[in-house]
Structure formats: C-alpha cells, structure tokens
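A.B. asks: Here's my sequence, what's the structure:
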Amino acid sequence: MVAEGQPNRDFFERLFYLSQHGFNVIFILILIVIVAGLVAAILFRKNLTDKKIMFIGFEFILLGFIFSTIVDFQSHYPSLFYIIILLGMAISFIGLIKKG
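C.D. replies: So this is what the prediction gives:
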C-alpha cells in the first residue's frame, strides 16, 4: 500500500528499467562516441600534445575498468574491457614516445 503523497514505486521501476534492446542501443552509442573521438583526434592531431595523448590513453584505461565492473558488459561483451584497456595502453605509449 502506497502512503498518500508518495509516488508509486512501480513508476520508478518502469522508468529506469533497461531491456536487452535498450542495453544494445546504449552500447552502440558508446562505441560511436569512442570512434568519433578517435577520428576527431586523428583529424586535429596538430592540437594534441604528448601529455594530452597520454591523458586520452588514461581515460580509455579508466573506461575499460568501468566496463569490467558493470555486470551487463561482462556477460554480453566479455572481452570489451580488455580491448579498451589495450587501446588505452597503446595510445598512452604513443603519447609517451611522441616528441613534444
């Protein structure tokens, strides 16, 4: 029984419910943003210093660790966080050897 003045709990459960299709859409949007960011970094590489490139690599490594803690990413895309972490390490290494 819902107390007067309190919203129905089912409303919030339905509002934040994520189906399998919704999860796949969110995953595709995340991949599009990652690819668009990499393309923009390649196109505007003159503005990127070695420290900025290393920071981008660190962000990818952090994103990989975030993906490893989310259970849905572990079950549906088990190797995704390994790929993102390796990509971040490669980008950080590129930033390390780039001459500023």
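
A.B. asks: what does the model give residue 5 for pLDDT?
C.D. replies: pLDDT for residue 5: 60.

A.B. asks: again, but for the one 10 residues further on
C.D. replies: pLDDT, the model's per-residue confidence, is 66 for residue 15.

A.B. asks: And for the residue positioned nearest the centre of the chain, nearest residue in space, chain neighbours not counted?
C.D. replies: The C-alpha lying nearest the average C-alpha coordinate of the chain belongs to residue 63 (Cα atoms, centre = their mean; 5.0 Å). The shortest distance from residue 63 to any non-neighbouring residue, by Cβ to Cβ, 6 or more residues apart in numbering, is to residue 84 (5.5 Å). Quick note: C-beta positions are derived from backbone N, CA and C, even for glycine.

A.B. asks: Repeat that for residue 62.
C.D. replies: Nearest non-adjacent residue to residue 62 (Cβ to Cβ, 6+ apart): residue 88, at 7.7 Å.
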